[in-house]
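Q: take this sequence and fold it.
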Amino acid sequence: MRGQIDRVCALCGAILLALNAPAVAHHSAAAYDTQKEVKISGNVVRYRFANPHVYLTVQVKNPDGSTATIEVEAGAASVLNGLGFTSDALSVGDVVTVVGNPDRRNPAILLGRDLQKQDGTYLPLNIGSRSVYQGRSASATSIAGTWFSPRSEFVAYTGSVGTWKLTDKGKAAAANVDPKATTQKDCIPVGAPTLMLYPVATTIVVERDRVVMNVDWMESQRIIYLDGRPHPPAGQRSIHGHSVGRWEGKTLVVDTTNFAEHATGLSLAMPASARKHLTERFAVSDDGKTLIYSGVVEDPVYLAQPVRWSGKLEYRPTMRHSNQKCDVEVARRFLSQ
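A: Model (predicted):
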């Protein structure tokens with residue numbers, strides 16, 4: 001199962017999608033032999049820190065003394081950034097050892113998992129790799145600040161899709177998932193609540209009349225208006241919808257409507273209609289170390305019953321955003337595999 005998990009994310013490198021069927025992948029799990037682990041060592045001759053994938057090329061020496069190059073596919077810059085692999089962590093010329101899974105058809109391509117530099121520095125290459133961050137002692141006093149959703153929280157939500165009560169149209173959508181139809185190949189992000197649980201940095205800014213949430217995934221931004229305005233007419237729709245909120249003590253309660261139809265609006269493998277309705281709650285835990293994110297999503301076109309969830313994001317006040325835009329060329333590379 002770990003092999004499936006590591007290849008399942010639509011453009012993030014590895015996410016489990018439990019949907020009453022085998023795991024659904026943006027990149028086919030069959031492309032790599034996830035049961036076989038190989039190790040290579042050599043010099044980095046090319047390196048591209050990008051979304052939705054980081055690529056590096058390592059020049060290795062063959063037993064006969066000749067050299068060859070191995071292309072290593074890693075996870076998204078935004079995801080790896082959250083695990084501690086930042087854009088300046090690696091440079092052309094570095095001597096590295098990479099552990100990963102070989103491509104079944106091309107031995108010159110490797111799905112990277114872990115990297116170690118000559119000086120012993122460890123870098124994660126996959127969403128399933130260990131983080132370089134240790135436990136943090138900082139505590140938040142409000143929802144403002146930078147937060148990070150651990151992979152376990154994201155997988156818990158996406159993995160719950162198989163338990164959802166679906167309409168006939170929802171069942172048909174679940175039975176006919178086409179990984180290559182993902183909107184993220186066009187650098188269009190998934191919808192909330194999936195977006196808010198993505199394992200990337202999310203920075204929340206609290207202002208007098210609004211709360212702004214910047215998610216380090218495909219330049220996603222949400223604005224929650226606190227000035228009492230109503231939702232706009234139904235014809236004004238967008239991917240992230242229109243959000244209004246109110247405070248219940250220190251808890252932010254958000255109501256979002258006016259969603260546009262979206263092929264991954266409810267989850268990585270479940271679309272959303274224009275009738276999607278989202279109610280969310282953002283509350284800081286008593287110890288200030290986590291942001292409790294919970295709510296209810298409704299969509300009578302695909303969901304026979306509302307879906308409830310609850311997850312936790314970790315407080316990471318010093319975590320930087322990757323500041324990497326989604327590269328359409330990189331996003332579509334999997335289409336030719």
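
Q: where does the prediction get shaky in the stretch 1-150 of the chain?
A: 1-30, 134-136 (pLDDT under 70).

Q: just the strands in the stretch 151-300 of the chain please.
A: 201-206, 210-215, 220-225, 242-248, 251-257, 262-267, 270-272, 277-284, 290-298 (DSSP state E, counting those that start in this stretch).

Q: centre of the chain to the edge, which residue is at the far end?
A: Largest separation from the mean C-alpha position in the chain: residue 64, at 41.7 Å (Cα atoms, centre = their mean).

Q: state the phi and psi torsions of that residue.
A: phi -90, psi 10 (degrees, to the nearest 10).

Q: any idea which of the strands of the stretch 151-300 of the chain is most buried?
A: strand 270-272 (a mean of 26; mean count of other Cβ atoms under 10 Å). For the C-beta atoms, the positions are set from N, CA and C on the backbone; glycine is no exception.

Q: who's in contact with that one?
A: Residues from elsewhere that reach strand 270-272, judged by Cβ atoms under 8 Å, 6 or more residues apart in numbering: 19, 161, 164, 170, 173-174, 191, 259, 261-266, 299, 302.

Q: swap the cut-off to 6 Å and go again
A: Contact with strand 270-272 is made by 161, 173, 191, 262, 263, 265, 266, 299, as judged by Cβ atoms under 6 Å, 6 or more residues apart in numbering.

Q: list the contacts for the fifth one?
A: Shown here is residue 263, whose contacts under the criterion Cβ under 6 Å, 6+ apart are 183, 271.

Q: got the phi and psi for the closest residue to residue 325 other than its chain neighbours?
A: Counting by Cβ to Cβ, 6 or more residues apart in numbering, residue 219 is the residue found nearest to residue 325 once chain neighbours are left out, at 6.2 Å. With angles defined as degrees, to the nearest 10, residue 219 sits at phi 50, psi 40.

Q: what distance do you get for residue 264 to residue 291?
A: Per Cβ to Cβ, to the nearest Å, residue 264 is found 23 Å from residue 291.

Q: same deal with residue 122?
A: Counting by Cβ to Cβ - residue 122 and residue 291 are separated by 27 Å.

Q: and stretch 161-173, how far out from the chain middle?
A: 22 Å (Cα atoms, centre = their mean, to the nearest Å).

Q: ditto for stretch 55-64
A: Stretch 55-64 sits 30 Å away from the centroid of its parent chain (Cα atoms, centre = their mean).

Q: what of stretch 226-246?
A: Using Cα atoms, centre = their mean, the offset of stretch 226-246 from its chain centre is 25 Å.

Q: what about residue 61, neighbour count?
A: 12 (other Cβ atoms under 10 Å).

Q: with residue 68 instead?
A: So residue 68, with other Cβ under 10 Å, has 13 neighbours.

Q: and residue 115, what element?
A: Assessed by DSSP states H and E, residue 115 sits inside strand 109-117.

Q: not counting its own residues, what contacts that strand?
A: By Cβ under 6 Å, 6+ apart, the list of residues contacting strand 109-117 reads 32, 70-74, 94, 96-103, 122-123, 125-126, 129.

Q: still on that earlier bit, looking at the contacts of strand 270-272, which is nearest residue 316?
A: Using Cβ to Cβ, residue 191 comes nearest to residue 316 of those, at 23.5 Å.

Q: contacts only, for the residue nearest to that closest one when sequence neighbours are not counted.
A: Distance criterion Cβ to Cβ, 6+ apart; nearest residue to residue 191, sequence neighbours excluded, is residue 265 at 3.8 Å. By Cβ under 6 Å, 6+ apart, the contact set of residue 265 is 191, 271, 272.

Q: distance check, residue 265 against residue 160.
A: Going from residue 265 to residue 160 by Cβ to Cβ gives 16 Å.

Q: residue 97 versus residue 118, what's the distance?
A: To residue 97, residue 118 is 8 Å away according to Cβ to Cβ.

Q: great, nothing more from me.
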